[in-house]
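J.: Sharing a sequence plus its predicted fold:
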Amino acid sequence: MARINRLLIALLGIAVLACPVVFALRHARAQTPAPGSPTSAASASTIPVETSWVVPDIDKLADDDWGRTVRYGRDLVAKTASLIGPEVSDPAHRFAGNNLNCQSCHLEAGTKELGLPFVGVYADFPNYRARSGAVGTVEDRIQGCMVRSMNGKPLPADSREMTAIVAYLKFLSSGRPVGAPTHGRGPGRMPELTRAADPAHGEAVYAQNCAACHGDQGQGQRAGALGDAQGYAIPPLWGPDSFNDGAGMTRLINAANFVHNNMPNGVTWQAPALSTEDAWDVAAFVDSQPRPHKAQLDRDFPNRLQKPVDAPYGPYADGLDPTQHKLGPFQPIRDAIKELAVRPSQAPPKTDHP
Ligand code: HEC
Ligand code: HEC
């Protein structure tokens, strides 16, 4: 198996050297976003995909206003719990509702390929967001993670913190054309299962591969003591100090790909440790555990036909079993949605008949 993989990598290498255009196109397809995912489909067809993975060197920035702001943004991403978490000493700076860091999910301060990176993100905003049914700015997107992944409240729009995070995101998009999709963004897209994911099997996978770090109750491991604002050495995956039930990580396609390409912590998409089946099942187990509730989730995705197939909460446009939205298989849902979208009953109501 390893030999076949090496052979494939070698062949791919030759293909890259021989034909960069074909390579770019292949990756464009491999990374084509699912409906509702961040990269807008419109831009993908017009501007070539950025296939290089170049992370600008933050150490090269001068110690001036700009450099200090970008570095503060990086610190906010890497040490969120210590700077704006629920345990910081100044109550006016308690914005996050849990003790995660942005980089608990946006790995290596948002610089890891297919580790939900921030590289190339700034270049893609503003964009249309299906979740709100409106065009949103990069600030809006950050607030989305503040109130869901961080289970907290929005940062004040004019705060030093918001400015710094946006500056850091802009810095990470240095040299990338506005609107150009970046290969390596997001959590990846492995093939889907033709069966429903199996949380019971996922529990066994979890015990074997995850519990040693994340804990048998998914509670993670604190860096210091309760209340000291040091956050986690290893973040919790469920329970009261985790992301809430409206967060992007509760969508199985996001979670399974993130786990496959990044977990156990340290693996890369080039050399994943779990089989794809184990990754789907363990992600289904994690996502079926209790976590904080976000109010008014029924207001998300006002156009139900644009709701991602794996949104784990209703209402849905289709009449399928809600469990299928949590666990898959997802292709039949896509097919059902496609059919609904062309049905005349979905057309705008006519007003000119008696
Ligand atoms: C629990 C995991 C988690 C944490 C913690 C988290 N995020 Fe996210 N974030 C996600 C996921 C998953 C997505 C992609 C979701 C989607 O659009 O389906 C995302 C998307 C984003 C995006 C858009 C990325 C893109 O490619 O378009 C930005 C910007 C962002 N997050 C900022 C932040 C910031 C800033 C913080 C900390 C204040 C944060 N996130 C904390 C999981 C997380
Ligand atoms: C070697 C320890 C280790 C192992 C084993 C491990 N993880 Fe992680 N995991 C981490 C660390 C550390 C982070 C956060 C990265 C950071 O803060 O830099 C993380 C982050 C995560 C996150 C996103 C953050 C969050 O709070 O949800 C998920 C989901 C996750 N791991 C799932 C898993 C699953 C599922 C497994 C088993 C297949 C697993 N991990 C195995 C250490 C580990």
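T.: Noted; the coordinates are in hand. Ligands and ions are numbered 1, 2, ... in the order given.

J.: switch to C-alpha atoms for all contacts and neighbour counts from now on
T.: Fine.

J.: Kindly state the domain boundaries assigned to the chain.
T.: 31-172, 199-344 (automatic domain parsing).

J.: Comparing these by mean pLDDT, which bottoms out?
T.: Sorting the domains of the chain by mean pLDDT places domain 31-172 lowest, at a mean of 91.

J.: Residue 226: neighbour count?
T.: 11 (other C-alpha atoms under 10 Å).

J.: can you check residue 191 too?
T.: Residues near residue 191, counting by other C-alpha under 10 Å: 9.

J.: which residues does it contact?
T.: Applying C-alpha atoms under 8 Å, 6 or more residues apart in numbering to residue 191 gives the contacts residue 276.

J.: Stretch 139-154: end-to-end distance?
T.: Stretch 139-154 has an end-to-end distance of 10 Å (criterion: C-alpha to C-alpha, to the nearest Å).

J.: Could you pull up the contacting residues of residue 280?
T.: Residues in contact with residue 280 (C-alpha under 8 Å, 6+ apart) are 193, 197, 198, 202, 252, 256, 257.

J.: do stretch 208-224 and ligand 2 meet?
T.: Yes. Counting by C-alpha under 6 Å from any ligand atom, ligand 2 has neighbours in stretch 208-224: 209, 210, 213.

J.: which one of those residues sits closest to ligand 2?
T.: residue 210 (3.5 Å; C-alpha to the nearest ligand atom).

J.: Could you measure from that closest one over to residue 54?
T.: From residue 210 to residue 54 the distance is 30 Å (C-alpha to C-alpha).

J.: Neighbour count for the two, which is higher?
T.: Applying other C-alpha under 10 Å to residue 210 and residue 54 shows that residue 210 carries more neighbours, namely 18 against 15.

J.: So that one sits against residue 265, correct?
T.: No. If you go by C-alpha atoms under 8 Å, residue 210 and residue 265 don't touch, sitting 9.3 Å apart.

J.: Pipe the domains of the chain into JSON lines and attach distance to ligand 1 per row.
T.: Conversion of the domains of the chain to JSON lines gives the following (distance: least, C-alpha to the nearest ligand atom, whole Å):
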{"stretch": "domain 31-172", "distance to ligand 1": "4"}
{"stretch": "domain 199-344", "distance to ligand 1": "4"}
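
J.: right, so of the ones you listed, which gets closest to residue 185?
T.: domain 31-172 (5.5 Å; C-alpha to C-alpha).

J.: now that closest one, how far from the chain's geometric center?
T.: Relative to the centre of its chain, domain 31-172 is centred 11 Å away, using C-alpha atoms, centre = their mean, to the nearest Å.

J.: Residue of the stretch 251-354 of the chain closest to ligand 2, please.
T.: Counting by C-alpha to the nearest ligand atom, the stretch 251-354 of the chain gets nearest ligand 2 through residue 264, at 3.6 Å.

J.: show me the contacts for that residue.
T.: For residue 264, counting by C-alpha under 8 Å, 6+ apart, the contacting residues are 209, 210, 273.

J.: okay, now the last one: neighbour count?
T.: Counted by other C-alpha under 10 Å, the residues lying close to residue 273 total 20.

J.: Spit out the contact partners of the residue nearest to residue 178 when sequence neighbours are not counted.
T.: Distances taken as C-alpha to C-alpha, 6 or more residues apart in numbering place residue 123 nearest to residue 178, at 4.5 Å, with adjacent residues excluded. With C-alpha under 8 Å, 6+ apart as the criterion, the residues that contact residue 123 are 170, 173, 176, 177, 178, 179, 180.

J.: Look up how far ligand 2 lies from residue 123.
T.: 24 Å (C-alpha to the nearest ligand atom, to the nearest Å).

J.: quick revisit: could you list which of the residues of stretch 208-224 next to ligand 2 belong to helices?
T.: 209, 213 (DSSP state H).

J.: got TSV for the residues of stretch 208-224 next to ligand 2, with distance to residue 101 too?
T.: Shown next, in TSV, are the residues of stretch 208-224 next to ligand 2 (distance: C-alpha to C-alpha, whole Å):
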residue	distance to residue 101
209	22
210	19
213	17
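
J.: Specify the local secondary structure of the closest residue to residue 209 other than its chain neighbours.
T.: Of all residues not flanking residue 209 in the chain, residue 264 sits nearest, at 6.9 Å (C-alpha to C-alpha, 6+ apart). Recorded secondary structure, residue 264: coil (DSSP: H, G, I helix; E, B strand; the rest coil).

J.: Now do the phi/psi pair for residue 264.
T.: phi -50, psi 140 (degrees, to the nearest 10).

J.: and what of the one 3 residues further on?
T.: Recorded main-chain torsions at residue 267 are phi -70, psi 160, according to degrees, to the nearest 10.

J.: One more: residue 135?
T.: According to degrees, to the nearest 10, residue 135 has phi -80, psi 130.

J.: What distance do you get for it to residue 256?
T.: Taking C-alpha to C-alpha, one finds residue 135 at 28 Å from residue 256.

J.: between those two, which one's more packed in?
T.: Ranked by neighbour count (other C-alpha under 10 Å), residue 135 and residue 256 place residue 256 first, with 31 against 12.

J.: Could you check how far the helix or strand harbouring that one is from the centre of its chain?
T.: Assigned by DSSP states H and E, residue 256 falls within helix 252-262. Centre-to-centre, helix 252-262 and its host chain are 9 Å apart (C-alpha atoms, centre = their mean).

J.: tell me what it is packed against?
T.: helix 276-287 (3 or more C-alpha pairs under 8 Å, 6 or more residues apart in numbering; DSSP states H and E).
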